[in-house]
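[1] Give me a model of this one.
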Amino acid sequence: MQLLRSLLFHVIMALSIVVYAPVVIAIFWLPYRVYRVATQWGRFMIGLARILCGIRYRVEGLENLPSGSMILMCKHQSTWETFALPALLPVPQVWVLKRELTWIPLFGWGLATLAPIAINRGAGRRAVHQIIEQGRARLESGKTVVVYPEGTRVPTGYRRRYGLGGAVLAAETGYPVVPIAHNAGSAWPRQSVRVGPGLVTVAIGPPIDSRGLSAEEIRDRAEHWIETTVMRLENRTEMAELLTTRHPGR
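    Numbering: from 1, shown residues only. Below is the predicted model:
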């Protein structure tokens, strides 16, 4: 039964993209309305996941969100958090993502209207410079930049090396970094058709004042908070050193 519910969820998700993406593309010249429509789609999806697949959620630490622009560093385990963050957090967001996502018909074209920082992950230093240049512009325009520092979705119980891109942006601009941990991968694992049921907890950590810190210090502080909090959310008690296993990713 859960598998049938999951398959129906995926069908409705695909149909919703066919409906929402053309609307977003048609109003690309109205940035505020574009973001508003995209946020409505995210709310629709987390509501659908709750009703159809039994994925409930709760948010801890909303009081930790500072006013104004910030850099969100978030754990990446599932598809769930990619449409939940814009719907759950009251801040306009743009994302650092691989440019290939914007090439996907309809979905990617709609995504491109939201002004993401679409990088070539194989470009090395050029990609970092792009994050700094475009990220600074987004932050100064009042938006929040969302970074998944592991670069790809990682299964529950694993971690990958945290990249420096978001931390370098913070060190260069002085904007605060807010770490976000969650356990969405327990309810909707990566590359899995089966969705739910389960309770997802999204935990928002205290902001990290990036002024006067190196990129490495910013990354390490965010990583420590995220990974220890994920262990708590997943009810795992092993030592953090045991989580140094690198996973190959997608």
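[2] From here on, just use CA atoms for contacts and neighbour counts.
    OK.
[3] Please report how far residue 66 lies from residue 92.
    13 Å (CA to CA, to the nearest Å).
[4] again with residue 138
    Separation of residue 138 from residue 92 (CA to CA) stands at 10 Å.
[5] so what sits against both of these two?
    By CA atoms under 8 Å, 6 or more residues apart in numbering, residue 138 and residue 92 have these common neighbours: residue 144.
[6] related to what we said a few turns ago, show me which of residue 66 and residue 92 is the more surrounded one.
    Between residue 66 and residue 92, counted using other CA atoms under 10 Å, residue 92 has the larger neighbour count: 18 against 13.
[7] ok, the closest residue to the more buried one other than its chain neighbours - how many residues close by?
    Leaving aside its sequence neighbours, residue 92 sits nearest to residue 143 (CA to CA, 6 or more residues apart in numbering; 5.3 Å). By the criterion of other CA under 10 Å, residue 143 has 19 neighbours.
[8] number of nearby residues for residue 3?
    Around residue 3 there are 13 residues (other CA under 10 Å).
[9] Just to check, it is in contact with residue 196?
    No: with contact defined as CA atoms under 8 Å, residue 3 does not count as touching residue 196 (9.3 Å).
[10] chain center to the helix ranked longest in the chain: distance?
    Counting by DSSP state H, the longest helix found in the chain is helix 2-26. On the basis of CA atoms, centre = their mean, to the nearest Å, helix 2-26 sits 19 Å off its chain's mean C-alpha point.
[11] How about it, which residues are buried there?
    Buried residues in helix 2-26, counted by 16 or more other CA atoms under 10 Å: 5, 6, 7, 9, 10, 13, 20, 21, 24, 25.
[12] The closest residue to residue 117 other than its chain neighbours: how many residues sit nearby?
    Nearest non-adjacent residue to residue 117, counting by CA to CA, 6+ apart: residue 96, 4.7 Å away. With neighbours defined by other CA under 10 Å, the count for residue 96 comes to 21.
[13] residue contacts, residue 96?
    Residue 96 makes contacts with 116, 117, 118, 119, 131, 145, 146, 147, 148, as judged by CA under 8 Å, 6+ apart.
[14] any chance of those in TSV, with secondary structure, pLDDT and distance to residue 168 too?
    TSV is the format used below for the contacts of residue 96 (DSSP: H, G, I helix; E, B strand; the rest coil; pLDDT from 0 to 100; distance: CA to CA, whole Å):
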residue	secondary structure	pLDDT	distance to residue 168
116	coil	94	17
117	strand	95	14
118	strand	94	17
119	strand	92	15
131	helix	95	9
145	strand	97	13
146	strand	97	13
147	strand	97	11
148	coil	96	14
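[15] Since that was my last question, I'll sign off now.
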